[in-house]
Structure formats: structure tokens, C-alpha cells
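A.B. asks: need a structure here:
(2 chains)
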Amino acid sequence: MKYLGLIRANLGRNKLRTALTGGAIMLAVALVCMLLTMPAGMDAMLASMTTNTRISVHNKAGLVYSLPYAFTRKVRQVDGVAAAMSMTWFGGAFEEDGRITFPNFVVEPEHVGEVYPDYHIDPQQLADFQHYRDGAMVGRQTMKKYGWKIGDRITLRSTVWPVSLDARIVAEIPNERQQILWLNREYLDQALQAQGRPGLGIAGMMWVRATDPNQVNAIMRTIDDLSRNSEAETACETEKSFFSSFFGSLQGILAIVLIVTGLVTLCIIFIAANTASMAVRERSGELAVLKAIGFTRRTIFATLLAEAALLSTVAGLLGVGLTLGLTALLRAVATHNEALGPLGSFIVTAPVIVQGAFLSLFVGMLAGLVPSWGAARRPVVQTLHEVF
Amino acid sequence: MAGDGRAPLIQIRNVSRRYKRDVDEIHALEAVTLDIPAGHFVAFMGPSGSGKSTLLNLVSGIDRPSAGQVVVGGAQLNDLSEDELAHWRARHVGLIFQFFNLIPVLSARDNVGLPLLLTDLDKAERRRRAETALRVVGLAERSEHFPRALSGGEQQRVAIARAIVTDPDLIVADEPTGDLDARNAEDILSLLRQLKDEFGKTVVMVTHDPRALRFVDDAFHLDKGILLEGEAARRAGEAILLAAGGHSTTGAPLRQ
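C.D. replies: Purely as a prediction, here's the structure:
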């Protein structure tokens, strides 16, 4: 501690350089901390989107393969299953768009309320969805995007089935981030039959709700056992796992971003090391005098290293503070605009703060190591000869 | 450090110092033998390249000889490692340089207190001792000033305060007046003499300055790495005085 005054004074000798180096470290640490919040943020986002009682049932061969519709009846009879609902990709698009602009499926309206009690759908709207064969239930984000309201009519041309369906919007999923649109399965089935086709004998996938979260694993095993050795073996997943795999590609991007961040950190180490080298070179005369008056190599090394570490740690802690500020700002923005909800999930946890602090210290130590050692190890007489 | 008023504080025995410069070997000092009693003020004098600074570095434990022995206050400096020499210097030697070499970002008091960082003294005691040292050199009022706000003479006084703050037995000065005007040079030489007279310090100084001869007890003359003795030393001393305008070591004109 007694050397702190000397270290602090040395850091203040070129304020602009100290500020610029510190600023670079601060931004790099803030960037790394923001990225470190992402895995936890994604977890939190998944937790907000999912429940611990819902199970996805789909064809083991992949999501593009279907299940026999009759299998839904078998699943409903499994012990511990509170409700099950088939969900089949409709792939509807507006004629003028020519492409799918929001996810849309056909479902069984009578099971929506049982499988998704956490969606808090208005009971009257839910009843209307069950009542009207051409009814559509739409997520609030899509409702807002197109300026729709209950009672509006839309026409969707399927990109999968050879039909176009006129639908009446009768219900809304009251979630600002929800884009999905559901149509009545029976409506599509009848439309296909009206064309002389065999009707909709398949289900794209199923969603099952267990009565008890502790029974989820047993239910998944039972359902998979039921389909074993059939033409369409199933693969059950918890809802969280299902959406995690959907975010798989995002995690790949995250890995790339983390690699880039690592490289940025490496660059910052080089910049900080260069600054430390310059600082040492400029002071070689003073360091020679310090050695001459009795400072040992160890003391010289320790004070120079501490100087680099102090700058980096203070800058890094400011970077952590910046991350806290930024995430708080994002949360505040997300509170006012629910469509930005996921941004509010990026919360700086205690481990992120600790990692940020240690990263700063690590950057400082690594950057200061070589110049400090170089300055410390040279014999005092050699240094004096070189500078005087 | 051992050494009473009579016994030599510094004993240099047959000391040589050679350097390698590229393929050449430089003989900076050749078989120098001398004693410096404790409480004396001595000067090493000679032309550039004569080996006087090399000898000073050996006496102060900054450098080690290629051959021979350097004993200061009973300590065989040849036997000490680099770190042991650093500890020894911190305890026993006060160093003064030509260009003052103060840390520009520290106040005068903090500059003076630097060697005390190597001790176990607490902050208050370090501060008290630094202020005492500044008072000894007549700069008590300027302890808060930074080097850039001090004149050359004042900066050298701060450097002297730094050299005496640990109360060393030996004060070593390398051209302490080399960067000062005549008046300041006289003041600094007078101050060094005062350290010898009032505080009993042994002061060893390298200088080109003929004025120094008025203040020192002894002057050792070197040329091409060899210590001049007898008639050669006397002639070298007279040559310096003549070149400076003919003043004796007592300050009286050498020739009327």
C-alpha cells in the first residue's frame, strides 16, 4: 500500500494516454460482459417463454416428418397427461407477399385452453375460437404489425396444402412477443375433403401438458415407448429443450461473437502492453535512479506491474459498471416497449461481474508483465550508463 | 555501517574494471588502491574517460569490480548479489546525480521520501523525516512544490535531501554541480561540506569543477583508469587550478 502514491502519480503523468488506454480496456470489458450476459439472458428468455410441464412430441426423424393424427388419442390416455393438442404447419402467406411472414399452424381449438393455460387467453375469445370453424387466434405482435382487430377477416394461401382459407380473427394471444397464428384444424381438414382429398390424417407435432412437473420425464418415456417400432417413432422433449434447439443457430453465432471478443481482448492486451512499454521506456532514467537508491528488481517489477494492473482493473470495473448501466437501460426500454422484451433479459449477474473484474486484472497483468520484467531485470549500472 | 573517524570507511584494493564493448575490452580502471577515512570529503577528478565515475560506481555498490576488492564499512561489496547490493545501498548510501533525477510527478517531499519507502517506517514518520531533510537543505518552505516549479539549484538540494533522508554514512555525488551555474554550484558544494562538518558524513564526489578543491579534504586524480600519485597527482591538481583561473584549494589565489 505504501507504494500506491507512487503508482498513482505515475499513472497521472500522461493523463490523456492513461485515459485512452483505460477507455479502450473499459469498452472491451463492457463488450465482453454484455456477451457474457447473453447465455444467462437466453436462459431467462427461454424460462419466460416456456413452462416446466409442457412437452413437445414430434417425429424422431425430424420436424419436417409428421405423426399419425390418431396417435394424439393414445397420448391423451397416458397417465399424468392433463391435455394434448396437435399442431400442424399451415404455411399460410398473403397473396401479395408471396412468402410466409409469421408462423401459422392448424390446431385443435378445444385443447388450446388446457395446453396453454399460461397464455391467459380471454375466455370469451377462446370460446369463439372453439365455436367458429373459420376462426383464427393471433399473437399480439402480429395483430399490431398488421393493425388487425378482432372481427377482421384475412385470407391465407397455404404454401404446403393446396388451399386458401378465409379466416375471421376471433381471439388474440395477449403476449407482446407472440407472432403465431392458429387456425382450426377441422377447417383445413374439411377444405381438403371438399377438393376430394383424403383429409388431414396427420399431425405435424403435438404439445402435451403434464399435470405434475415431476412426471414429465416418465410421460416422455411412455410416449416414446408407445411409438417404438412404429412407422413414426417419436422424440419427446421438454418445451425448454425444444426452443433451445431452435436457438441452436443463435448459440453458434454467440460462439463466433465470443471468439471475436476474445480476439478483441487480445488486441486490447497488446495495446495496453504497448502503453506499458512506452511508459517504462520514457522513465528509464527514473527507474535507473530508483534502482540506484536501493529499489530491488522485485520492487521495481512489482510497482510497474501494479501500475498496469491498477489501470486495467479500474478501467475494467468501469466497464462492468457501463454494462450494468446499459443493461438497466435496455430493461427500462423493454419495459416501455414490450416487443423489445428479450433485451430486458440480459441481466448482469454476480458471476459476470466477477468474470469482468478478473478479466480486467488479467489484461493488466499480462500487458504489464513483459515491460515490467524487462525494466526490472537489467543491472543498475547498465541502465545508468544507457540513460546518463 | 562500521567505521570511526580514523579507520578507513572505504578500502579499495587493487581494483580493476573492464568492460566488453563489441569485440573490444575497455580498461576503465587498472589496479587502483586507495583508502578513504570516515568523515572525509573527497573528490575524484580527472578528464572524461579517466575512470572516476567507474570508481564512484564501485564505491557506491552500483557496479562490481572485475578484479580486486571494494570494502565499505566492513562490507565486502564483491560478495553481494545485485539484490543484496540494492538493500545495502538503501541502508548505507545516499546518491546525488548531475541531472538531479527527481520524479517529476512527485512533490519535493515525496521525492525526498522515496528511499524511505524501502523502510518499515509508517507514513507519518516518513513524512516527518522527509520534511526534516528538506529543512537541512533549506527548502522546508518548498516541500509541496513539484520539480518543474523549482530552480536547478533547488532541485539539486531536493536531491541532496533525498540522499540524506535515510541518514546514510556515505554520500556519493556524481558531478553534483555539473548542471548548475556558479552561484548554485558554490551553494551545493558548501552544503556537501556542511554534511561532512556538521553531520559527520563521508562524502565522495566525482567532479570536473575546480571550485570543489576549496571544499574537499582530499582529491584523487585519475587518468586513463589509473590513480595518479605523488608528483603526477600534484601536477594534475595544479593543472586543474590553473585552467580555472589560478585559485588554491583554500580559495586564495594560486598566484598573485
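A.B. asks: So A:P213 sits against A:N52, correct?
C.D. replies: Yes - counting by C-beta atoms under 8 Å, A:P213 touches A:N52, with 4.4 Å between them. Yep, even glycine has a C-beta here, placed from its N, CA and C like the rest.
A.B. asks: Look at residue 185 and report its pLDDT.
C.D. replies: I went with chain A, as the question did not name one. In the predicted model, A:R185 carries a pLDDT score of 96.
A.B. asks: Wait, chain B was what I had in mind.
C.D. replies: pLDDT, B:A185: 88.
A.B. asks: Over to B:G46?
C.D. replies: 89.
A.B. asks: Please apply the same query to the one 10 residues further on.
C.D. replies: pLDDT, the model's per-residue confidence, is 93 for B:L56.
A.B. asks: which one is it nearest to, not counting chain neighbours?
C.D. replies: B:V206 (4.8 Å; C-beta to C-beta, 6 or more residues apart in numbering or on different chains).
A.B. asks: For chain B, what is the nearest residue in the stretch 251-388 of chain A?
C.D. replies: Proximity to chain B, evaluated over the stretch 251-388 of chain A using C-beta to the nearest C-beta, is greatest for A:G294 at 2.5 Å.
A.B. asks: can you pull the contacts of that residue?
C.D. replies: If you count contacts by C-beta atoms under 8 Å, 6 or more residues apart in numbering or on different chains, A:G294 has them with B:86-91, B:93, B:115, B:118.
A.B. asks: three-state assignment of B:D63?
C.D. replies: coil (DSSP: H, G, I helix; E, B strand; the rest coil).
A.B. asks: can you check A:E95 too?
C.D. replies: coil.
A.B. asks: How many residues are close by the nearest residue to it once chain neighbours are set aside?
C.D. replies: Spatially, and ignoring its direct neighbours in sequence, A:E95 is nearest to A:R157 (5.7 Å; C-beta to C-beta, 6+ apart). Other residues within reach of A:R157, judged by other C-beta atoms under 10 Å in any protein chain shown, total 16.
A.B. asks: Also the one 4 residues further on?
C.D. replies: As a burial measure, the neighbour count of A:W161 was computed by other C-beta under 10 Å and equals 20.
A.B. asks: How about B:V136?
C.D. replies: Number of residues near B:V136 (other C-beta under 10 Å) recorded here: 19.
A.B. asks: Relative to chain A, how far out is it?
C.D. replies: Distance, B:V136 to chain A, using C-beta to the nearest C-beta, to the nearest Å: 17 Å.
A.B. asks: Looking at that residue now. What's its pLDDT?
C.D. replies: pLDDT, read off for B:V136, is 91.
A.B. asks: can you check the one 5 residues further on too?
C.D. replies: Model confidence at B:E141, expressed as pLDDT, equals 91.
A.B. asks: give the contact list for it.
C.D. replies: No contacts exist for B:E141 under C-beta under 8 Å, 6+ apart.
A.B. asks: How about the residues of chain B by chain A?
C.D. replies: B:57, B:60, B:62-63, B:82-83, B:86-91, B:93, B:95, B:97-99, B:101, B:103-106, B:110, B:114-115, B:117-118, B:123, B:126, B:162 (C-beta under 8 Å from any C-beta of the partner chain).
A.B. asks: Which members of the residues you listed are classed as buried?
C.D. replies: B:57, B:60, B:62-63, B:86, B:88-91, B:93, B:95, B:97-99, B:101, B:103, B:105-106, B:110, B:114-115, B:117-118, B:126, B:162 (16 or more other C-beta atoms under 10 Å in any protein chain shown).
A.B. asks: Shouldn't A:A40 be within a strand?
C.D. replies: No - going by three-state DSSP, the assignment for A:A40 is helix, not a strand.
A.B. asks: Look up how far A:V354 lies from it.
C.D. replies: As judged by C-beta to C-beta, to the nearest Å, A:A40 and A:V354 stand 13 Å apart.
A.B. asks: neighbour-wise, which of the two wins?
C.D. replies: Between A:A40 and A:V354, counted using other C-beta under 10 Å, A:A40 has the larger neighbour count: 16 against 11.
A.B. asks: I'd like the secondary structure assignment at residue 111, please.
C.D. replies: Since you didn't name a chain, this refers to chain A. Quick answer, by three-state DSSP: A:H111 is helix.
A.B. asks: Switch to chain B, please.
C.D. replies: helix.
A.B. asks: how deep is the nearest residue to it once chain neighbours are set aside tucked in, by neighbour count?
C.D. replies: Of all residues not flanking B:N111 in the chain, B:L102 sits nearest, at 4.7 Å (C-beta to C-beta, 6+ apart). Neighbour count for B:L102, taken as other C-beta under 10 Å: 25.
A.B. asks: what's the burial count for A:W207?
C.D. replies: 21.
A.B. asks: if I read this right, the residue nearest to B:L56 contacts B:N57, doesn't it?
C.D. replies: No - using C-beta under 8 Å, B:V206 is not in contact with B:N57, being 9.5 Å away.
A.B. asks: hang on, the earlier thing: which SSE is immediately downstream of whatever helix or strand the residue nearest to A:E95 lives in?
C.D. replies: According to DSSP states H and E, A:R157 maps onto strand A:153-158. Per DSSP H and E, the first helix or strand lying C-terminal to strand A:153-158 is strand A:164-173.
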